[in-house]
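Q: Mind looking at a prediction? Sequence and model below.
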Amino acid sequence: MNLRAAAERLGLSPERMERMLGRVVRDSDWPTPRLLRFDKAVSGIEAGTVVFEEDEIVYGYPKIRRAMMLSPAIKRCFPDGVLVEEKMNGHNVRVASVDGRIIALTRGGFICPYSTEVANDQIPPEIFKDNPDLVLCGEMAGPKNPYVPKEVYPIESMDFYLFDVSRKGRRDMDGSSRTHALAEEYGIRSVPLFGKFGLDEAAGEIKEIVMDLGARGREGVVIKDPENQKSPIKYTSSESNCKDLEFAFRYYNDYGQDFFFSRVVREGFQAAEWSDGEDEFIERCFRLGKSMLGPMRETVEAKIAGEPIVQEVEIMVKDLQTAADFEEHFRRMGVRALFDPPLSCPGGHLVKIKRLVMSTNDKTESVIEGQLW
């Protein structure tokens, strides 16, 4: 790979690129194609940015900032109306064609074999023949998602939902209108679009949308500028915040304190802005408290009973090689997991996976044996 050419395209000096190699920038040749991956953000280059052999660059997907107080945030961030899309709960991928092959990159810039198989199955290759520089940004969601398994969508395994479109070598996005038009043109699923709202009505309409999504166990919304001139923002439901806490407290010693704290703070701002009545506020408090104490108690009780603390997930693959490659992918990412033998079933092969949660295992065991905190 020509480091000098790659550095120039990224706006970096060749000397700085050399210094970052092996520290911030990682060289990877598995799975093919070979690439350079930015593990951290540097000089305005997003984490997850990838450079391929022919100096093709797929920039990392930009972080979307969060609204805590919905109405003031909308009026502060957008000059006119807004478009509102569903924020689906899965894992973020960027799909592109490299050397004639469709690949799916995770947010961190890894080529995920499982996501790549799904992308090849669900995205027509014609879209890249017609638009070779296209980068499809979307969410992989469903119950057979090994990163974020969710059963709240009408999905049997794991599906790709388009939410943004970019181009190789570009940081900007094409905007919501172009994204949904492209999805319709090529028959690709896209995230639900709830509509366009004026600034005065937006907060009230979005509140109703988010409450409905929350009641169905879904995550929230992404709010976008119809003219694609302003950065989008996101807003999540109380139920989603609590589901995150329920999951994280089950593995309490494997998550940073900011993960827990930020979600509790969201609940406080939402309760205040939405003017919860006494009954609604008590219900919110109960939901929040139970989401933390319930899974924590179950984890301790399981360890007292001598059971290991594991996260059980599943994948559904069409090709057995994908399962083997995904196991290697986990190993290279440092994820400790046990893969059961594949089970043949209609539509492919089911693989059950136990992700080992070592820090929570060890901490819980030591505490129940009498170690002080």
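A: Perfect, I can see it now.
Q: And the next helix or strand past the lengthiest helix in the chain?
A: Using DSSP state H, we find that the single longest helix of the chain is helix 278-304. Tracing the chain C-terminally past helix 278-304 and defining elements by DSSP states H and E, one meets strand 310-317 next.
Q: Run through the neighbouring helices and strands of the helix or strand following that next one.
A: Downstream of strand 310-317, the next assigned helix or strand under DSSP H and E is helix 320-333. If you count contacts as 3 or more C-beta pairs under 8 Å, 6 or more residues apart in numbering; DSSP states H and E, helix 320-333 packs onto helix 113-122, strand 310-317, strand 337-339, strand 348-356. Glycine gets a C-beta too; all of them are placed from N, C-alpha and C.
Q: for the longest helix of the chain, packing partners?
A: helix 238-250, helix 257-273, helix 358-368.
Q: Please repeat the previous calculation with a cut-off of 6 Å.
A: helix 238-250, helix 358-368 (3 or more C-beta pairs under 6 Å, 6 or more residues apart in numbering; DSSP states H and E).
Q: Any idea which of these gets closest to residue 305?
A: Among these, the nearest to residue 305 by C-beta to C-beta is helix 358-368 (10.4 Å).
Q: Pick the most deeply packed of the helices and strands packed on helix 278-304.
A: Most buried of the helices and strands packed on helix 278-304, by mean neighbour count (mean count of other C-beta atoms under 10 Å): helix 238-250, with a mean of 21.
Q: could I get the helices and strands packed on helix 278-304 as JSON lines with mean pLDDT?
A: Shown next, in JSON lines, are those (pLDDT from 0 to 100):
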{"stretch": "helix 238-250", "mean pLDDT": "98"}
{"stretch": "helix 358-368", "mean pLDDT": "97"}
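Q: who wins for proximity to residue 339 among those?
A: Residue 339 lies closest to helix 358-368 among those, at 16.9 Å (C-beta to C-beta).
Q: Pull the distance from the closest one to the chain's centre.
A: Distance of helix 358-368 from its chain centroid, counting by C-alpha atoms, centre = their mean, to the nearest Å, is 28 Å.
Q: And for stretch 42-51?
A: With C-alpha atoms, centre = their mean, you get 17 Å for stretch 42-51.
Q: and if you look at stretch 229-238?
A: 15 Å.
Q: of all the helices and strands packed on helix 278-304, which lies closest to residue 170?
A: Among the helices and strands packed on helix 278-304, helix 238-250 sits nearest to residue 170 (C-beta to C-beta), with 31.0 Å.
Q: Packing partners of the closest one?
A: Going by 3+ C-beta pairs under 6 Å, 6+ apart, helix 238-250 lies up against helix 257-273, helix 278-304.
Q: Including distance to residue 228, could the helices and strands packed on helix 278-304 go into CSV?
A: Output for the helices and strands packed on helix 278-304, formatted as CSV (distance: least, C-beta to C-beta, whole Å):
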stretch, distance to residue 228
helix 238-250, 26
helix 358-368, 42
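Q: Lovely, talk soon.
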